[in-house]
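**Q** here is the input, now give the coordinates:
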Amino acid sequence: MSQRYVALLRGINVGGNNRIVMKELAEAFRAAGYAEVSTYINSGNVLFSAASRPTPEALERVVTDAFGLDIAVLVRSQDEIAAVVAEAPAELDDAAVRPDVWFLRASLSPEAALAAMPEPHPEVDRIWTGPGVLYTTRIAELASKSRLTKAVGTKVYREMSVRNWNTTKALAHRL
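**A** The predicted structure follows:
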């Protein structure tokens, strides 16, 4: 019996770097033996079915073999994405904020990720831990003052893949 998963590719199609056409990405997953493959938006979200949970390394090889790119891939099951949405703080649905979900590699606990994040701006940023994620919001009007963007240059950032809240909810719905 197969399970549904989403592969979250990190850092593709951002600023013209690591360009991958989603149709070709879906075909690479099909060629690797995954079923019911589809993609969602251009930021590297691949929804698929598999008889057993694939490792991130196996999916990274699919990307490397097909595109010659060394891209980190995180994997979440349908149930895991559902839990991320169900356990999210209500503040993520506030129209006055810019909400994101920072998916973490299995080797990085939410508590360790939180400890490694830059100090949030007290008037702008909020951070919560969740099941294998950090949830963040930035007051939209003050987003330019957010300190969360400083995480991009940190070592721990390489262990994360960020999706906005609407994308996260859409992935849960499509799985």
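
**Q** do you know how far residue 168 is from residue 27?
**A** Between residue 168 and residue 27 the computed distance is 25 Å (CB to CB, to the nearest Å). In this view, the C-beta of every residue, glycine as well, is placed from N, C-alpha and C.

**Q** what sits against residue 56?
**A** By CB atoms under 8 Å, 6 or more residues apart in numbering, residue 56 lies in contact with 72, 73, 74, 75, 105, 106.

**Q** among those, which ones are in helices?
**A** The helices, defined by DSSP state H, take in nothing from the contacts of residue 56.

**Q** mind listing what's buried along the helix ranked longest in the chain?
**A** Once the chain is assigned using DSSP H, the helix that runs over the most residues is helix 56-67. Within helix 56-67, the residues scored as buried using 16 or more other CB atoms under 10 Å are 56, 59, 60, 62, 63, 66, 67.

**Q** for residue 4, state which of those is nearest.
**A** Closest approach between these and residue 4, by CB to CB: residue 59, at 14.5 Å.

**Q** next, the contact list for the closest residue to that closest one other than its chain neighbours, please.
**A** By the measure of CB to CB, 6 or more residues apart in numbering, the closest residue to residue 59 outside its immediate chain neighbours is residue 73, 4.2 Å from it. The contact partners of residue 73, taken as CB under 8 Å, 6+ apart, are 7, 8, 9, 10, 56, 59, 60, 63.

**Q** cool, thanks, talk later.
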